[in-house]
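J.: Fold the following for me, if possible:
(one chain, ligands or ions: 1)
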Amino acid sequence: MESNNHEHQALAREIITACLPLSGNSIRIAISGAPGVGKSTIIESLGLHVIAEGRKPAILAIDPTSDITGGSILGDKTRMESLSKNEVAFIRPSPTSGTLGGVTKNTIESIILCEAAGYDTIFVETVGVGQSETFAQKLTDIFILLVAPGGGDELQGIKRGIVELADIIVVNKAEEDRKALSEASIKAYKNATHLATSKDSGWVVKVIPCSALNHNGIDELWKLTMDHANLISGNDHLKRKRKAQNIFWAKNSMQQKFNALLSSDKKLAELYNEILLQIENGHLSPDKAAPTLINNLSIKIIE
Ligand code: GDP
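T.: Predicted structure coming up:
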């Protein structure tokens with residue numbers, strides 16, 4: 001699926017077509033947050049929790065050795081150690097480099113494959129680098145944002161837009177010795193989400209404390225996740241969301257295909273390079289690049 005080889009891609013498309021009717025029966029969960037906030041610790045804790053309930057989790061995780069996550073900061077700590085040893089769980093780490101903070105061009109295909117293979121709880125981990133959150137939110141049913149206890153007012157540099165994507169905000173590392181700090185954070189995030197509390201789905205955003213390390217608050221987090229799942233499957237929002245996920249997938253794959261064609265299709269690549277050359281030589285202004293490409297498409301390509 002991840003290969004760029006043409007034959008592999010053709011096979012991948014066949015496999016996805018065959019898997020599609022078997023997919024869809026899972027909860028798709030995005031887990032996001034800055035490096036070091038505790039994403040892998042909480043996914044490990046949640047993963048083991050859902051396994052105990054008889055579920056099968058699949059985790060599309062971030063490769064800790066990749067640059068954006070600050071693999072070097074965390075050293076060579078093994079992520080999700082118990083979960084990766086558990087036979088029920090499937091973990092697929094993706095490098096963040098060159099992609100959208102863990103959300104790769106194949107994330108949706110990976111979700112489909114996991115569902116067809118019988119995984120019913122899909123975690124998509126993303127690291128706070130901007131666009132990845134929007135991607136992850138569009139590919140999943142629920143968006144869980146992890147933050148660390150802090151003063152709160154500055155919202156720890158997390159972009160407001162990202163906070164507004166969240167269905168549940170988890171203030172992690174909320175242990176006894178950080179009680180005052182985590183309470184302040186909870187208050188600040190409740191204020192920050194005040195205007196966005198009621199989502200299209202009718203869900204009211206929740207802000208809860210948690211200690212992933214001590215497994216405190218994991219029950220509550222999972223209960224809220226299930227409450228959300230029940231709400232959106234009960235009121236048709238899930239159906240709409242899944243349709244939107246498919247549209248997003250289609251749009252993205254068309255754009256990717258077109259981008260790939262720009263360099264691989266001989267005629268298109270010629271046209272593309274010709275336009276760039278004209279701009280470089282001062283014969284064409286950059287704002288004319290796209291219209292020139294489009295105007296010439298029918299002549300050069302569809303002839
Ligand atoms: P990630 O980069 O967001 O995946 O963060 P990790 O899960 O790798 O955690 C980063 C560090 O924070 C590790 O040293 C964890 O042991 C620690 N950590 C994670 N969750 C908690 C928690 O609930 N409490 C405390 N005190 N430390 C935690």
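J.: what stretches of the stretch 201-303 of the chain score poorly on pLDDT?
T.: Scanning the stretch 201-303 of the chain for pLDDT under 70 picks out the ranges 298-303.
J.: And residue 238, its phi and psi?
T.: In terms of degrees, to the nearest 10, the main-chain angles of residue 238 are phi -60, psi -40.
J.: Spatially nearest residue to it, not counting backbone neighbours?
T.: Nearest-residue entry for residue 238: residue 232, 4.3 Å, with adjacent residues in sequence omitted and distances by Cβ to Cβ, 6 or more residues apart in numbering. Placement of C-beta: from N, CA and C, glycine included.
J.: who's in contact with that neighbour?
T.: 141, 201, 203, 238, 241 (Cβ atoms under 8 Å, 6 or more residues apart in numbering).
J.: That one and the ligand: what is the separation?
T.: Counting by Cβ to the nearest ligand atom, to the nearest Å, the gap between residue 232 and the ligand amounts to 26 Å.
J.: and that residue, what helix or strand is that in?
T.: Using DSSP states H and E, residue 232 maps to helix 218-234.
J.: go on, residue 30?
T.: When secondary structure is defined using DSSP H and E, the element that contains residue 30 is strand 27-33.
J.: For the closest residue to the ligand within the stretch 51-200 of the chain, give me the backbone phi and psi.
T.: Among residues of the stretch 51-200 of the chain, the one nearest the ligand by Cβ to the nearest ligand atom turns out to be residue 173. It sits 3.7 Å away. Comment: the main-chain dihedrals of residue 173 come out as phi 60, psi 30, following degrees, to the nearest 10.
J.: Can you give me every residue that contacts the closest residue to it other than its chain neighbours?
T.: Distances taken as Cβ to Cβ, 6+ apart place residue 148 nearest to residue 173, at 5.4 Å, with adjacent residues excluded. Listed by Cβ under 8 Å, 6+ apart, the contact partners of residue 148 are 34, 36-38, 156, 171-173, 185.
J.: State the pair within those residues that is farthest apart.
T.: Between all members of those, the longest pairwise span (Cβ to Cβ) is found for 36 and 185 and amounts to 15.7 Å.
J.: higher neighbour count, these two?
T.: In this view residue 36 and residue 185 are compared by other Cβ atoms under 10 Å, and residue 185 has more residues nearby, 26 against 14.
J.: Am I right that that one falls within a helix?
T.: Yes. Secondary structure of residue 185 (DSSP: H, G, I helix; E, B strand; the rest coil): part of a helix.
J.: That one and residue 163 touch, don't they?
T.: No. When contacts are counted by Cβ atoms under 8 Å, residue 185 is not listed as touching residue 163 (11.8 Å).
J.: Need the pLDDT of residue 159.
T.: For residue 159, the pLDDT comes out at 65.
J.: Next: residue 149.
T.: For residue 149, the pLDDT comes out at 89.
J.: And it, how far from residue 220?
T.: Summarising the geometry, the distance separating residue 149 from residue 220, computed by Cβ to Cβ, to the nearest Å, is 17 Å.
J.: More neighbours: which of those two?
T.: residue 149 (21 against 15).
J.: Surely that one is in a helix?
T.: No. Inclusion of residue 149 in a helix is not indicated when three-state DSSP is applied; the result is coil.
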